[in-house]
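Chemist: make a model of this:
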Amino acid sequence: MKQTFKIGLALLAAALLFLGCSKNPADTTINDEDQIKELILASQYTDTTTFTNDGTAVPYSAPSFKNDAKNEFFPDSIKFARKIDQVIRTISVTLDADSVNATAVVTLDIYGIMYVDNDGDSVRDPYLRNFNSADLHDRATRYVRLRKINDSWRVWGVTPLELYTLNGDPGLTIDSVVITGCANSNGLVVIKPLDMTQTRLRNLLPIFNPGDSVTVSVWASPSGQFWAFLHRWLYRVHDRRPMEKVDGQLFTYSWQVPADAVLGVRHASVDLISQNCLFGDSSATYSARAWCLPYIVAQDTVNLP
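Modeler: Alright, predicted model coming up:
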């Protein structure tokens, strides 16, 4: 009887061991789509921070650095703040037939309130008086190209993040952005609407060396119905500057990369806001369009982060 009992226990132990060893590895392994989504949320190249978020409900005016006296400068008396309260992220992934390449589309629905004080009374007046509903709904889209190397997914290329106001009035359009002073691409990177769906390899992103002088120019329309601003995220600190107005369609902004700049990936946005929104009264409406692109600060164009 004891012998039978021992044999029974041995058989039970063997059965449990067999069941444990035969468990499907997929049950504990993250699939390709989930791996890609985690990478996109973590990668410095696909950072989905709301690049145009001022993070405050207190309107302010950032100082202008006047590079060309012939240009028109944004009046310091116009103060505004774009405060984002909610961002809904959607990431869709499509695997190529070879299962080692993939394309992801990142979509952000951005909600908040635009505060403007343009009459000098220091009162922060949202254009929509109903605080239970946001007057700002922007949507942004970015394409990401990925490749699987040694069983690990890597970001291979990105497009700019293109942001626009749903049902914006007037509808704003960016025709091109030109970046000069780059250490790559013969010193010049040009971005056009076609680039919103064609991913760029990291060596084709704007690359700057410490100490470089950089100029960003944007051509947009409709002429005379917007002002352009440049947003940069410097070590996770948001910096917004008004660009200089050359004419109704062309704005420009220049800065110098610090000689002691920390090397790495940064992000910048060219942001159009409708003239009506900035200079109008409380009946004005909000409308914006922005292109957001990562750039790299490096000692050379070979050893990139």
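Chemist: make it CA atoms for all contacts and neighbour counts henceforth
Modeler: Fine.
Chemist: low-confidence stretches in the chain?
Modeler: Where the chain drops to pLDDT under 70, the residues are 1-29, 64-69, 121-134, 282.
Chemist: the same query, at a cut-off of 80, please.
Modeler: Within the chain, the stretches with pLDDT under 80 are 1-30, 48-49, 63-70, 119-135, 234-236, 281-284.
Chemist: stretch 101-121: which residues count as buried?
Modeler: Across stretch 101-121, burial judged by 16 or more other Cα atoms under 10 Å covers 101-118.
Chemist: and what about I40, helix, strand or coil?
Modeler: Following DSSP: H, G, I helix; E, B strand; the rest coil, I40 is assigned to helix.
Chemist: I'd say it and E33 touch.
Modeler: No: proximity of I40 to E33 does not meet the contact threshold set by Cα atoms under 8 Å, at 10.7 Å.
Chemist: what's the burial count for the nearest residue to L201 once chain neighbours are set aside?
Modeler: In space, and not counting its chain neighbours, L201 is closest to G157: 4.3 Å by Cα to Cα, 6 or more residues apart in numbering. Counted with other Cα atoms under 10 Å, residues neighbouring G157 total 21.
Chemist: correct me, but G157 touches R147?
Modeler: No: counting by Cα under 8 Å, G157 sits too far from R147 to count as a contact (9.3 Å).
Chemist: re earlier: so between I40 and E33, which is more surrounded?
Modeler: Each of I40 and E33 has its neighbours counted (other Cα under 10 Å); I40 has more, 22 against 17.
Chemist: for I91, see how far away that one is.
Modeler: 9 Å (Cα to Cα, to the nearest Å).
Chemist: and L194, that's in a helix?
Modeler: Yes: with three-state DSSP as the criterion, L194 is part of a helix.
Chemist: who does the residue nearest to L201 bridge with?
Modeler: When assigned by DSSP bridges, G157 has beta-bridge partners R145.
Chemist: and the gap between it and E72?
Modeler: Using Cα to Cα, we find G157 at a distance of 37 Å from E72.
Chemist: swap in E244?
Modeler: Applying Cα to Cα, the value for E244 to E72 is 6 Å.
Chemist: for I273, same thing?
Modeler: I273 sits 16 Å away from E72, going by Cα to Cα.
Chemist: and those two? Which one has more around it.
Modeler: Neighbour count, other Cα under 10 Å: between I273 and E72, I273 has more, with 20 against 14.
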